[in-house]
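Chemist: test case, fold it:
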Amino acid sequence: EYEGGCSATTPVVLYLWEALETMSNKERQQFLRFVWARSRLPVTEHWSEKFKIHTTGGGDDRLPTAHTCNFQLDLPRFSSAKVCYDRLMVAMNIACDIDG
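Modeler: Numbers count the residues shown, from 1 in each chain. Next up, the predicted model:
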């Protein structure tokens, strides 16, 4: 689900998918913990929770933020998939350090 004026073809959304494709399985688990506070998706086929991507202001100097109760990622308008990956890794590592 897309919010904040973005769609499946918005460049930063495409950068996010590209960044996720380059991640290892461990990093993807960390991503899930960051955006949903769980390290695995449910096994059931009938899962109603939709992942929401919400684009925000700012750019390469900002970090993405997550709302785990809503399974939502607030994503700044990064300039490339590499920047998106790098900034996600920083945000995920900070969140994991806080959670212990």
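Chemist: which residues sit in contact with F71?
Modeler: F71 makes contact with V35, W36, E49, K50, F51, K52, according to Cβ atoms under 8 Å, 6 or more residues apart in numbering. Using the backbone N, CA and C atoms, a C-beta is placed for each residue, glycine as well.
Chemist: which ones among those residues lie within helices?
Modeler: V35, W36 (DSSP state H).
Chemist: quick one: the helices in this protein?
Modeler: 11-22, 25-36, 81-99.
Chemist: what's the closest of the ones you listed to T65?
Modeler: helix 81-99 (7.2 Å; Cβ to Cβ).
Chemist: centre of the chain to that closest one, how far?
Modeler: 9 Å (Cα atoms, centre = their mean, to the nearest Å).
Chemist: identify all contacting residues around it.
Modeler: 12, 14-16, 18-19, 22-23, 27, 30-31, 33-34, 60, 62-66, 75-76, 78.
Chemist: redo the helices of the chain as CSV? Include mean neighbour count.
Modeler: Converted to CSV, the helices of the chain look like this (neighbours: other Cβ atoms under 10 Å):
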stretch, mean neighbour count
helix 11-22, 16
helix 25-36, 17
helix 81-99, 16
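Chemist: any chance of those helices in TSV, with distance to Y2 too?
Modeler: Compiled in TSV, the helices of the chain are given as follows (distance: least, Cβ to Cβ, whole Å):
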stretch	distance to Y2
helix 11-22	7
helix 25-36	15
helix 81-99	16
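Chemist: hey, what's the nearest residue to T65 once chain neighbours are set aside bridged with?
Modeler: Excluding its sequence neighbours, the residue lying closest to T65 (Cβ to Cβ, 6 or more residues apart in numbering) is D74, at 4.6 Å. Beta-bridge partners for D74, by DSSP bridges, are H54, T65.
Chemist: for K50, give me its contacts.
Modeler: Counting by Cβ under 8 Å, 6+ apart, K50 has contacts E1, F71.
Chemist: please tell me how far it sits from E3.
Modeler: As judged by Cβ to Cβ, to the nearest Å, K50 and E3 stand 11 Å apart.
Chemist: cool, thanks, talk later.
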